[in-house]
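A.B. asks: Fold the following and give me the result.
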Amino acid sequence: MPWSKGPVPEFLKPVQSFMAQVTGEIGVTRLAAKQDRQVFQRPEELTDREWATITALRRQSKVFPARIKELAAFVRDGEEARASGSLGGQPLIVLASQGSDENPEHERIYRELQEQLARLSSRGKLVWLNAEFPLQYTAPDAIVAAVREVVMR
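C.D. replies: The predicted model follows:
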């Protein structure tokens, strides 16, 4: 997304990685629990016990360092995806959440990017879901159905 911050300069990556490891080990992710609850409410489809398990897994000390590594690779992954070009006739289903951003310009760009993803394949299909992000919690059945459809194609 154009409004997201750029990559961390190369010379800061070792420091960032070290700090992520240290803060993860001392439990910063567990201290952020209040903020966590504000960002992700328990989806109605999940029981309290299931959500407690997911929340506990998300608060493990290894999560924060893993997120830092994931973000560090985000720009590179985007560049690789753009360089790969078309998917030809490979089956593709893009699942996207409707109304993901309150900023109309961000929402417009988000929608445009989802449409571009679906057009990577001549057999691409974009499915707008009436579900909140992250979809794996709020629309698991849609994900399973999409995977099955791609496999059947």
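A.B. asks: Need the residue closest to the centroid of the protein.
C.D. replies: The chain has residue 134 as the residue nearest its centroid, 6.9 Å off, counting by Cα atoms, centre = their mean.
A.B. asks: for the strand or helix carrying residue 71, packing partners?
C.D. replies: Under the criterion of DSSP states H and E, residue 71 resides in helix 63-84. Where contact means 3 or more Cβ pairs under 8 Å, 6 or more residues apart in numbering; DSSP states H and E, helix 63-84 is packed against helix 13-25, helix 28-31. Bear in mind the C-beta positions are built from the backbone N, C-alpha and C, glycine included.
A.B. asks: Just the CA trace of it, in CSV.
C.D. replies: This file holds the C-alpha atoms of helix 63-84, laid out as CSV (Å, rounded to 0.1, in the frame of the first residue of the first chain):
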residue,chain,number,x,y,z
VAL,A,63,5.8,-14.0,17.4
PHE,A,64,7.2,-10.5,17.5
PRO,A,65,10.6,-11.4,16.0
ALA,A,66,8.8,-13.4,13.3
ARG,A,67,6.6,-10.4,12.4
ILE,A,68,9.7,-8.2,12.1
LYS,A,69,11.2,-10.8,9.6
GLU,A,70,8.0,-10.9,7.7
LEU,A,71,7.8,-7.1,7.4
ALA,A,72,11.4,-7.0,6.3
ALA,A,73,10.6,-9.3,3.5
PHE,A,74,7.4,-7.5,2.5
VAL,A,75,9.0,-5.1,0.0
ARG,A,76,11.1,-7.8,-1.5
ASP,A,77,8.1,-10.1,-1.8
GLY,A,78,6.1,-7.4,-3.6
GLU,A,79,9.0,-6.8,-6.0
GLU,A,80,9.2,-10.5,-6.8
ALA,A,81,5.5,-10.8,-7.3
ARG,A,82,5.5,-7.8,-9.7
ALA,A,83,8.5,-9.2,-11.6
SER,A,84,6.8,-12.6,-12.0
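A.B. asks: which parts of that helix are buried?
C.D. replies: Within helix 63-84, the residues scored as buried using 16 or more other Cβ atoms under 10 Å are 64-65, 68, 72.
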